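Colleague: Kindly return the folded structure for what I paste below:
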Amino acid sequence: MWVSVLDENKEPVTIHLESCGVLVGGKAVEVAQHIQALFKKAQGVVMRVREILMADGCTPSLVDQLVPVVDGGVRLHKLLALMHDTCNVANRAAAEVEKLKQADGIEYYGLATWSAMPKERTKLLDNKCNHHLRQLPVVRFNKQATAYVKELIGSQLRDAAGFNDRFEPSPSSLVLSIVKLVHSVRSQAISFPYLS
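Modeller: Numbering: from 1, shown residues only. The predicted model follows:
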């Protein structure tokens, strides 16, 4: 979560309130509740800054100019879009956040006003991360390739594994094993002179 503010030179500056937050739970409802708690925390930060400015002698109109609270401040009903992973939990968490947005909009504006607002303000645009979407065909191919290898020579791999050798029917596991091996050998070669 971030906020964009103007610095003393009227240049926009981004302040991160949370990046890569550690979740207490991994269920969709827990993820949505974490997002809700983060919005409440951010609202508290905004209100605290306003209090500090007032305590420093700023007039209420100057505080409103410097740190305005528009449409309730930092509230879930103002959330317009999400971008997330493609897994089932992330998809479900987005639906749970949508419910929280609707509840917050109704709480702040009232049901009649919220229902009369344009959909661009009341509905959440749910986006899946393009990087994750690009990986879906690769993952699907790897699953099909693994199934094909197992079907083709699976029994031979099982028989050969009796000699304590490692055989990989999965293309992605094979590549990862090679990368680990190369990294391990390379690390030993690099650190070898320092061991003597």
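Colleague: can you give me the helices in this protein?
Modeller: For the chain, helices defined by DSSP state H occupy the ranges 28-55, 60-66, 88-109, 111-116, 119-122, 130-160, 171-195.
Colleague: In contact with L76: list those residues for me.
Modeller: Residues in contact with L76 (CB atoms under 8 Å, 6 or more residues apart in numbering) are 35-36, 39, 97, 100-101, 103-105. Backbone N, C-alpha and C define where each C-beta goes, glycine included.
Colleague: Contact partners for V89?
Modeller: 26-28, 31.
Colleague: can you do 10 Å?
Modeller: If a contact means CB atoms under 10 Å, 6 or more residues apart in numbering, then V89 has 26-28, 30-31 as its contacts.
Colleague: Any of these buried? List them.
Modeller: 28, 31 (16 or more other CB atoms under 10 Å).
Colleague: Quick check: the farthest pair among the contacts of V89?
Modeller: Maximum pairwise distance in the contacts of V89, criterion CB to CB, is 8.7 Å, between G26 and A28.
Colleague: so what sits against both of these two?
Modeller: Joint contacts of G26 and A28 (CB under 10 Å, 6+ apart) are 89, 93.
Colleague: So, low pLDDT: which residues of this structure?
Modeller: 21, 161-166, 184-196 (pLDDT under 70).
Colleague: Could you give the bridge partners of the residue positioned nearest the centre of the chain?
Modeller: In the chain, the residue lying closest to the centroid (CA atoms, centre = their mean) is H84, at 5.4 Å. Using DSSP bridges, the bridge partners assigned to H84 are K128.
Colleague: wouldn't it be in contact with D126 here?
Modeller: Yes. The criterion here is CB atoms under 10 Å, and H84 meets it with D126 at 8.0 Å.
Colleague: Name all residues that sit in contact with these two at the same time.
Modeller: 91, 94, 97.
Colleague: show me what contacts the last one?
Modeller: Put plainly, it is V97. 28, 31-36, 76, 79, 82, 84, 124, 126.
Colleague: Now tabulate the residues you listed in JSON lines and tack on distance to M1.
Modeller: Formatted as JSON lines, the contacts of V97 follow (distance: CB to CB, whole Å):
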{"residue": "A28", "distance to M1": "19"}
{"residue": "V31", "distance to M1": "14"}
{"residue": "A32", "distance to M1": "14"}
{"residue": "Q33", "distance to M1": "15"}
{"residue": "H34", "distance to M1": "11"}
{"residue": "I35", "distance to M1": "8"}
{"residue": "Q36", "distance to M1": "12"}
{"residue": "L76", "distance to M1": "11"}
{"residue": "L79", "distance to M1": "10"}
{"residue": "L82", "distance to M1": "12"}
{"residue": "H84", "distance to M1": "14"}
{"residue": "L124", "distance to M1": "15"}
{"residue": "D126", "distance to M1": "17"}
